[in-house]
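Visitor: give me a 3D structure for the following:
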Amino acid sequence: MNFTFLVIDSGNSFVKWGLFNNDHWLTQNSISYDDVSDLEIEFSVFSEPYLIIISHVARDETKNEICKFISRWPTQPIWHHSQSYQCGVSNGYSNPNQLGSDRWAALIAAWNIEHKACLVINAGTAVTIDTLSDSGKFLGGIILPGVHLMLNSLYSGTQLERNKSGVYKNFPVNTQNAILSGIIQSLVGAIDRMHDILSAQLKHSSINCIISGGNASLLSPFIRYPTKIIDNLVLEGLVVIAKDELKRRELTSS
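Guide: Residues are numbered from 1 along each chain as shown. From the prediction side, this is the model:
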């Protein structure tokens with residue numbers, strides 16, 4: 001049978017969504033949550049999806065808008081939440097339900113790609129650096145402010161003037177370059193540190209990095225370890241979850 005999945009990643013700054021069918025993406029798009037009303041027009045041209053799976057970590061207003069737009073179809077949406085175990089990944093959080101649904105979906109996507117230990121990095125509004133063991137256990141991770149949050153914090157808390165953007169330099173000799181270089185070094189330094197900690201824990205250093213998010217391309221050139229940039233890693237994870245749900249339903253009905 002031919003099944004179409006609508007997957008939605010409702011994040012802090014953007015709502016990303018995609019239609020997936022027959023092992024390939026039919027379409028993907030991303031809009032600012034300020035423009036979320038545009039989803040009504042975008043969804044109006046699609047026939048009813050078999051499954052709708054949503055990861056939501058944004059404002060309640062955004063969730064209400066999404067609910068309104070998907071109500072055009074009788075399909076009941078699945079509001080994705082982290083679990084103790086799912087799709088080969090076990091959740092090591094002290095309270096598994098507290099882990100953000102976007103981080104959980106990204107971990108599932110990364111495990112589906114690697115099937116071994118890796119760092120799972122999302123470089124968006126916030127930067128998360130999460131760890132997977134060789135057995136697929138989420139060991140824990142860290143959360144940092146992202147590039148723009150760091151910039152805004154620095155400018156709002158100092159007398160520095162927001163002029164043109166800087167570029168990365170090993171030894172910056174102007175203020176704008178010093179600011180951007182400092183932000184990149186702090187984030188990449190955190191990645192290096194987490195890689196070292198995970199390597200010590202697992203007693204080997206064969207650990208790749210999976211990175212996604214709007215600033216992935218800004219950070220990836222400075223990461224010292226094998227790195228894969230995966231666009232929309234959360235959406236990829238939601239598709240893995242949708243396939244697992246489809247299998248479960250088929251087994252239940254057989």
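Visitor: give me the phi and psi for N91.
Guide: Per-residue torsions, N91: phi -100, psi 110 (degrees, to the nearest 10).
Visitor: wait, it touches H81, no?
Guide: No - using C-beta atoms under 8 Å, N91 is not in contact with H81, being 10.9 Å away. C-beta coordinates here come from the backbone N, C-alpha and C atoms, glycine included.
Visitor: roughly how far apart are V173 and M150?
Guide: According to C-beta to C-beta, to the nearest Å, V173 stands 21 Å off from M150.
Visitor: which one's more surrounded, these two?
Guide: More crowded of V173 and M150, by other C-beta atoms under 10 Å: M150, with 19 against 7.
Visitor: backbone dihedrals for that one, both of them.
Guide: The phi and psi values for M150, taken as degrees, to the nearest 10, are phi -60, psi -40.
Visitor: which one of N91 and H81 has more residues nearby?
Guide: N91 (19 against 14).
Visitor: how about the contacts made by that one?
Guide: If a contact means C-beta atoms under 8 Å, 6 or more residues apart in numbering, then N91 has S82, Q83, S84, Y85, L99, W104, F138 as its contacts.
Visitor: now D34
Guide: Contacts for D34 (C-beta under 8 Å, 6+ apart) come out as none.
Visitor: is it correct that it falls within a strand?
Guide: No - under DSSP: H, G, I helix; E, B strand; the rest coil, D34 falls outside any strand and is assigned helix.
Visitor: ok, now how distant is it from N97?
Guide: For D34, the distance to N97 equals 29 Å [C-beta to C-beta].
Visitor: from the contacts of N91, list the buried ones, please.
Guide: Using 16 or more other C-beta atoms under 10 Å as the burial test, the contacts of N91 include S82, Q83, L99, W104, F138 as buried.
Visitor: in CSV: those, plus distance to L235.
Guide: What follows is the buried ones among the contacts of N91, written out as CSV (distance: C-beta to C-beta, whole Å):
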residue, distance to L235
S82, 16
Q83, 18
L99, 18
W104, 13
F138, 19
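Visitor: ok, which pair from those residues is furthest apart?
Guide: Maximum pairwise distance in the buried ones among the contacts of N91, criterion C-beta to C-beta, is 11.0 Å, between Q83 and F138.
Visitor: quick one: buried residues of the longest helix anywhere in the chain?
Guide: Determined from DSSP state H, the single longest helix within the chain is helix 175-202. Neighbour-count burial for helix 175-202 flags 176-177, 179-181, 183-184, 187-188, 191, 194-195, 198, 202 (criterion: 16+ other C-beta under 10 Å).
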